[in-house]
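Trainee: Fold the following for me, if possible:
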Amino acid sequence: MMLGDDFFRLAHDDVTGKPRLHTKALNVGCGAALLAELISSRHVEVDDTGVLIKNRQPPEDSLMHLVLDHLVKEEGRRHSVSTWLTFFSKDAATQIAERLLRGGHVRMTPVRKLGRQTGLLYVPVDINEAARPWAVLSQLIRRHEPLAYNELALAGLAVATGLERRLLLDAAAETFDFLHSQVANLWPPMTCLLRYTHEVIGEAVLAHRHK
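Mentor: I've put the predicted structure just below:
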């Protein structure tokens, strides 16, 4: 399971491919998911000083390799976690979508308005596969079942980007408490990444409101 792919699925409608998040939250969330993949593979760690490289061996996945290359090239500059999230957010959603496209999981569909193309949607090829992360995660949390690391990391990204309200629609307060208590037990580099993800999205929303 690629965490970025499953977050992308979680953040888009499993039939239409339309985003479930506003653009900034989606983009920052996808950037965080790519960094989270490198945390999971033990290539990097994240703390309040920045993103720390622990393993320079290139990952097999080409997109993870690309992200790691960016980090290695800028290692001496010690950019903040927020800076990296902002940087990767510019292309992360498209890069993950293209990885899914290469794997045959989505197809590109143009969005048209008044006869003109205004964007692209990446529509799932297999609705069941697209719905899997949402269905599995929602059921596990609603049943208050322990989450494996990958599910827990995905749940953390849902909380950081504001998706948990939709994921657990109509759930009792105790279920949200369970989710947050589980996410709090993630590996420290991941909890740190999620904290910065939430902050970067919040700052972007505030900036937009004050324009």
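
Trainee: where are the low-confidence patches of the protein?
Mentor: Low-confidence segments of the chain (pLDDT under 70): 205-211.

Trainee: Where do the strands of it begin and end?
Mentor: Using DSSP state E, the strands found in the chain span residues 44-47, 50-53, 106-113, 116-124.

Trainee: Identify whichever of those lies nearest to Ile141.
Mentor: Nearest to Ile141 among the strands of the chain is strand 116-124 (22.4 Å), distances taken as Cβ to Cβ. In this view, the C-beta of every residue, glycine as well, is placed from N, C-alpha and C.

Trainee: one step back: Serialize the strands of the chain to CSV and add fields for distance to Arg9.
Mentor: Below are the strands of the chain laid out as CSV (distance: least, Cβ to Cβ, whole Å):
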stretch, distance to Arg9
strand 44-47, 23
strand 50-53, 25
strand 106-113, 9
strand 116-124, 8
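
Trainee: from those strands, which stretch is densest packed?
Mentor: strand 44-47 (a mean of 20; mean count of other Cβ atoms under 10 Å).

Trainee: Which elements pack onto that one?
Mentor: Packing partners of strand 44-47 (3 or more Cβ pairs under 8 Å, 6 or more residues apart in numbering; DSSP states H and E): helix 23-40, strand 50-53, helix 188-209.

Trainee: can I get the ones you listed in CSV with distance to Leu101?
Mentor: Converted to CSV, the helices and strands packed on strand 44-47 look like this (distance: least, Cβ to Cβ, whole Å):
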stretch, distance to Leu101
helix 23-40, 14
strand 50-53, 27
helix 188-209, 25
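
Trainee: thinking again about what came up before, determine which of the strands of the chain approaches Ser181 most closely.
Mentor: Taking the strands of the chain one by one with Cβ to Cβ, strand 44-47 is closest: 21.3 Å.

Trainee: The closest one: how far from the chain's middle?
Mentor: 16 Å (Cα atoms, centre = their mean, to the nearest Å).

Trainee: quick revisit: tell me which of the strands of the chain approaches Pro146 most closely.
Mentor: Comparing those by Cβ to Cβ, strand 44-47 comes nearest, at 23.9 Å.

Trainee: Name every strand pairing with that closest one and say which way it goes.
Mentor: Strands that pair with strand 44-47, judged by DSSP bridges, come out as strand 50-53 (antiparallel).

Trainee: Format the CA atom coordinates belonging to the strand it pairs with as PDB.
Mentor: This file holds the C-alpha atoms of strand 50-53, laid out as PDB (Å, rounded to 0.1, in the frame of the first residue of the first chain):
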ATOM      1  CA  GLY A  50      13.300  20.000   9.800                       C
ATOM      2  CA  VAL A  51      13.300  16.900   7.600                       C
ATOM      3  CA  LEU A  52      16.300  14.600   8.500                       C
ATOM      4  CA  ILE A  53      17.700  12.200   6.000                       C
END
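
Trainee: Run through who's touching it.
Mentor: Residues outside strand 50-53 that contact it (Cβ atoms under 8 Å, 6 or more residues apart in numbering): 35, 43-46, 68, 71-72, 75, 78-81, 84.
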